[in-house]
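Colleague: From the sequence below, what's the structure:
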Amino acid sequence: MLTSTLDETQVIWFPLACCLVIFLVRNVLWPKVLDSQEPPALQPKIPFIGHLIDLIQMGYKQHVKNHEKFNMTAYSLPILGSKLYVASSPQLASSIFQKRTLSFEPLIDTFVRTLVGMEGHGMDLWTNPEFRTAIFKVLYKGLAGPSLIDLARSGVSNLATSLDEIPFEQLEPRDFYCWTRETVSRAIMRGFYGKLSPWENSGVMQSFWIYHDDMHRLFPGFAPSVIASKAFKARTEVIEALEAYIKREDDFGAEVPQFTKDRFGAEQKFGMSIHNSAKIEILLATALANISTLVFWLLSNIYSQPDLLASIRTELLNAAVTEKRTDQDHVEMTLHLEKIKEHCPLLLSSAQETERHNIVDNITRTVMKDTTISDGGRSYLLKKGNNVQMPLSILHSDEKVWGANPESWQGNRFLELGYNASSPPGFLPFGGGKHVCPGRHLANGLLLGIAAQMILSIDLEGTDGGPVKVPKAQVPWATTGIGRPKPGPDSRVRISRREARRHVKWPVAC
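Modeller: Just a heads-up that it's a prediction; the model follows:
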C-alpha cells in the first residue's frame, strides 16, 4: 500500500518537476531571445556557463580570441540568464561614452561592497546621491589645479629622497617588480598622508600588496573570510592601520595635503564612521597602485634599450633640468615636472606606449535603459540590465590605428605616428565619457615625473651585466587591468646610483 502511494506520488510529481526545470531553464538560465537589433550572439560550447568559464580562465585573451576568429566589432555573449555585449571599435566606444544611460556607477557600488567590504550604514551612505556628489566634488577638486601639482611634486620629491639611500655599489633585489612597487608606492602614499603614512610601516606595505594581488577572490562577495582568506586578512590589517591614522587627525602636519583632510571632513559631515572612511581609502590606494606597476613596465622597457635610454636622458637634461652649484663638491639639480610633457616628447611617447601596451583589460558599463549605439554605419540595441565591455586589448592593438607590430613595445610609436599632440582613436587607458578616471592627470604626472627621476638617478642592468630583460606579462584580473611580470630570472636586475650623480641633490620644482 505504501509502495503504491509512493509510486502514484512520483507519477504525479515527476512530470511537474520536469516542467518546472524546463521553465527555469527557459526563463531564468537560458538567455532571452535576441532582438534583431542587438549585437549577434556567439553561442557557448557549454550551455549557460561556457562563456563565463572562458572569461574566468582566459581573461581579456578570450575577447582577443573571439575577435580574431569572428572579426566582429560587436557581439553578444549569452551567460546564464543575461548577455554580455562586447564592442571593440573606436567608433562604438565613442558612441558608448556619449550615452548617459550606460553607467559605471553600479559597478563602482559592487567594488565598494565586495572589494573593500562596505556594508550596512556605510553602504547606505555610499549610495546616497548627496554623499556621492560631495565626495566626488572633493575628488575632482583635489585631483586638479594647485592640489594636483602639489601631489605630483610631493610624490617625486619623496622618491628622490629614497633614491639618495641607494648605494653606489650595486644593489640586487630579489625581484625588481616588488622593489619598484614598494619604492614608488611608499613615495606616492607619503605624498597623500605625510610622514604618518601607514605605508611607512613595512608590515602594512606587505599586507596591502597581498590584498592587492589577491583581491579578485573577494569579488564574488560570498564568505570572503573563507573563499579569499589571504586577501580578507590583509585587507583587515590595512583598514586597522588606516583607522589608526585617521584617529590621529589632530597630529597631521602641514605636509598632509588639504585634499586628504577634505576627504575625511566630507565623510564625517555625513556621519561616515572612521572604520568606513578607512575602507574608502583602500579603494583610493588600489587605484594609485597601478602607477607603480606602470613605472615598472616603463623602466624595464627603456632600460632594455640603451640607445633609447641615452636619448631620454639627454632630452631630460637639456629641457627639464637646471643646475646650481652649492659648493665646490656639490650640485643641486632641479627637475621641472611641468616641462617634461611639453619638452620631452620621447619620454612622453614611451609613457603613452606603456599605457597602450600594458593596460589591457576591459572598460565596462551597465545598461540602465534600452540604448542604441552606432559606429556610424550600423546601429546596435543594448538591452537594460546587461553589461557592455570595450576590450582595450583589441582597441590598443588595431593596426589601422597603431601601425605595424602593435603587439610589441616601441617607445617612439606615438611620436612617429604624430599622436603626442592629440589622442588617437580608441586610446582609452583611463576610460572615457562621464566616468573617465578623475585621477588620470595625476597618474600621468606621477608616471612621467617618477620615471624621469629614476632615469636620471640610477643605473639598471641585468644580472649578466647586459641590458635589462623585459619579462612577459601575466594575464591580469579585472580588478587591476595591468598584468604583473611572470616570475623568473628576467625579474632580477642590478641597481646602483649613477656615478656621474654622486654629488647631486634633487629638489623638485613644478
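
Colleague: Where does pLDDT dip in this structure?
Modeller: 1-34, 510 (pLDDT under 70).

Colleague: if you set the cut-off to 50 instead, what comes out?
Modeller: Within the chain, the ranges that satisfy pLDDT under 50 run 1-16, 19-20, 23, 31.

Colleague: contacting residues around the closest residue to residue 72 other than its chain neighbours?
Modeller: Leaving aside its sequence neighbours, residue 72 sits nearest to residue 40 (C-beta to C-beta, 6 or more residues apart in numbering; 7.1 Å). C-beta coordinates here come from the backbone N, C-alpha and C atoms, glycine included. Going by C-beta atoms under 8 Å, 6 or more residues apart in numbering, residue 40 touches 34, 72, 74-76.

Colleague: In CSV, list those residues along with secondary structure and neighbour count.
Modeller: What follows is these, written out as CSV (DSSP: H, G, I helix; E, B strand; the rest coil; neighbours: other C-beta atoms under 10 Å):
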residue, secondary structure, neighbour count
34, coil, 15
72, coil, 15
74, strand, 20
75, strand, 21
76, strand, 24
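
Colleague: In JSON lines: the residues you listed, plus distance to residue 273.
Modeller: Listed next are these as JSON lines, based on distance: C-beta to C-beta, whole Å:
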{"residue": "34", "distance to residue 273": "46"}
{"residue": "72", "distance to residue 273": "48"}
{"residue": "74", "distance to residue 273": "44"}
{"residue": "75", "distance to residue 273": "45"}
{"residue": "76", "distance to residue 273": "42"}
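
Colleague: from these, which is closest to residue 422?
Modeller: Set against residue 422, the nearest of the contacts of residue 40 by C-beta to C-beta is residue 74 (25.8 Å).

Colleague: Against residue 64, how distant is the residue nearest to that closest one when sequence neighbours are not counted?
Modeller: Residue nearest to residue 74 in three dimensions, not counting chain neighbours: residue 39, with 4.1 Å by C-beta to C-beta, 6+ apart. Going from residue 39 to residue 64 by C-beta to C-beta, to the nearest Å gives 17 Å.

Colleague: Around residue 407, how many other residues sit close by?
Modeller: Residues lying near residue 407 (other C-beta atoms under 10 Å) number 8.

Colleague: my bad, should have said residue 420
Modeller: Neighbour number of residue 420 under other C-beta under 10 Å is 16.

Colleague: from now on call the first residue 639
Modeller: Sure thing, new numbering starts at 639, so read that last one as residue 1058.

Colleague: Helix, strand, or coil at it?
Modeller: Classification of residue 1058 using DSSP: H, G, I helix; E, B strand; the rest coil returns coil.

Colleague: re earlier: the residue nearest to residue 712 - how many residues pack around it?
Modeller: 24.

Colleague: Torsion angles phi and psi at it?
Modeller: Phi and psi for residue 677, reported as degrees, to the nearest 10, are phi -60, psi 140.

Colleague: which residues touch it?
Modeller: Per C-beta under 8 Å, 6+ apart, neighbours of residue 677: 710, 712-714, 723-725, 1018.

Colleague: Contacts made by the strand or helix carrying residue 774 with the rest, please.
Modeller: Per DSSP states H and E, residue 774 falls inside helix 767-780. Defining contact as C-beta under 8 Å, 6+ apart, one finds that helix 767-780 is touched by 763-764, 785-786, 789, 895-897, 900-901, 904-905, 907-908, 910, 918, 1076-1077.

Colleague: distance between it and the chain's centre?
Modeller: From the chain centre to the centre of helix 767-780 is a distance of 21 Å (C-alpha atoms, centre = their mean, to the nearest Å).

Colleague: List the buried residues for that helix?
Modeller: 769, 772-773, 776-777, 780 (16 or more other C-beta atoms under 10 Å).

Colleague: closest to residue 1039 among those?
Modeller: residue 777 (30.9 Å).

Colleague: I'd like to know how far that closest one sits from residue 1108.
Modeller: 34 Å.

Colleague: Which residue is the nearest non-sequential neighbour of residue 917?
Modeller: Using C-beta to C-beta, 6+ apart, the nearest residue to residue 917 is residue 754, at 4.3 Å.

Colleague: pretty sure the one you found belongs to a helix, no?
Modeller: No. Residue state for residue 754 (three-state DSSP) corresponds to coil; a helix is not indicated.

Colleague: surely it meets residue 922?
Modeller: No. Using C-beta atoms under 8 Å as the test, residue 754 is too far from residue 922 to be in contact (9.9 Å).

Colleague: So for the two, which residue has more residues nearby?
Modeller: residue 754 (26 against 16).

Colleague: tell me the contacts of that one?
Modeller: 873, 917-918, 920-921.

Colleague: taking those residues as a set, which two sit the farthest apart in space?
Modeller: Top of the distance list for the contacts of residue 754 (C-beta to C-beta): 873 and 918, 13.0 Å.

Colleague: Tell me which of the two has more neighbours.
Modeller: The neighbour comparison of residue 873 against residue 918 (other C-beta under 10 Å) goes to residue 873, with 25 against 21.

Colleague: And what about that one, helix, strand or coil?
Modeller: Three-state call for residue 873 (three-state DSSP): helix.

Colleague: Can you tell me the closest non-neighbouring residue to it?
Modeller: residue 849 (4.7 Å).

Colleague: same deal with residue 931?
Modeller: residue 1120 (4.8 Å).

Colleague: Could you tell me the phi and psi values at that neighbour?
Modeller: According to degrees, to the nearest 10, residue 1120 has phi -120, psi 120.

Colleague: longest helix in this structure, by residue count?
Modeller: Secondary structure of the chain per DSSP state H: the longest helix is helix 912-941.

Colleague: tell me the angle that one makes with helix 767-780.
Modeller: Orientation check (axes from the mean of the first three to the mean of the last three C-alpha atoms, to 10 degrees): helix 912-941 against helix 767-780 gives 40 degrees.

Colleague: ok, and for helix 912-941, which residues are buried?
Modeller: Those would be 912, 914-920, 922-924, 926-941, for helix 912-941 by 16+ other C-beta under 10 Å.

Colleague: what's the answer for stretch 1104-1112, then?
Modeller: Applying 16+ other C-beta under 10 Å to stretch 1104-1112 flags 1106-1109, 1111 as buried.

Colleague: picking up where we left off before, OK, contacts around the residue nearest to residue 873?
Modeller: Counting by C-beta under 8 Å, 6+ apart, residue 849 makes contact with 869, 872-873, 876, 920.
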